[in-house]
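Chemist: test case, fold it:
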Amino acid sequence: MILISPAASYHLRCMIRDRHEACGPGSGAVREGGESAGTEVGLRILVEKGGCAGMQYVMRLDSAGPEDVVVESGGAKVLLDPASAQYISGSELDYCDDLVGTGFRLNNPRAARSCGCGTSFEPVPEEAGAMQ
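Modeler: Numbers count the residues shown, from 1 in each chain. As a prediction, this is how the structure comes out:
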């Protein structure tokens, strides 16, 4: 479905661990190891209309739902709903620290073009009609 780089896996595990430490045990947020009670916690990647190129990526920590595709690598989990998965299948999630900014980035082969900051994209033509 998607690849998770070692850097992205490391930083995602750190974010989940830091969230757990900030919320404290018993808060229901996240347990040690990045899991909340009975659910998988990971980075949810959504694709929705918006942004300067037509579609935008939205990322947040979340728990897996029953319809989600869960991709795991190096102990880090990425959560994808079926509608978003079609736009980012074959992508690589990376973590970058450069002049453009620090954070997670998707290298998406299904993007015809992307904005300069990398948070929005124009899908290749065959995917463009699917979210209308």
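Chemist: which stretches of the chain aren't confidently modelled?
Modeler: Flagging of the chain using pLDDT under 70 yields the residue ranges 22-39, 53, 116-118, 126-132.
Chemist: looking at it, which helix is longest?
Modeler: helix 6-23 (DSSP state H).
Chemist: send the alpha carbons of it over as PDB?
Modeler: Extracted C-alpha coordinates of helix 6-23, given in PDB (Å, rounded to 0.1, in the frame of the first residue of the first chain):
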ATOM      1  CA  PRO A   6      13.000   4.400   8.800                       C
ATOM      2  CA  ALA A   7      13.100   8.100   9.700                       C
ATOM      3  CA  ALA A   8       9.300   8.400   9.500                       C
ATOM      4  CA  SER A   9       8.900   5.200  11.600                       C
ATOM      5  CA  TYR A  10      11.300   6.500  14.200                       C
ATOM      6  CA  HIS A  11       9.600  10.000  14.500                       C
ATOM      7  CA  LEU A  12       6.100   8.500  14.500                       C
ATOM      8  CA  ARG A  13       7.000   6.200  17.400                       C
ATOM      9  CA  CYS A  14       8.500   9.100  19.300                       C
ATOM     10  CA  MET A  15       5.300  11.200  18.700                       C
ATOM     11  CA  ILE A  16       3.100   8.400  20.100                       C
ATOM     12  CA  ARG A  17       5.400   7.900  23.100                       C
ATOM     13  CA  ASP A  18       5.500  11.700  23.800                       C
ATOM     14  CA  ARG A  19       1.700  11.800  23.600                       C
ATOM     15  CA  HIS A  20       1.400   9.000  26.100                       C
ATOM     16  CA  GLU A  21       3.800  10.700  28.500                       C
ATOM     17  CA  ALA A  22       1.900  14.000  28.200                       C
ATOM     18  CA  CYS A  23      -1.500  12.500  28.700                       C
END
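Chemist: which secondary structure elements does that helix contact?
Modeler: Contacts defined by 3 or more C-beta pairs under 8 Å, 6 or more residues apart in numbering; DSSP states H and E place helix 6-23 against strand 39-49, strand 55-63, strand 76-80, strand 92-98, strand 101-107. Every residue, glycine included, has its C-beta placed from N, CA and C.
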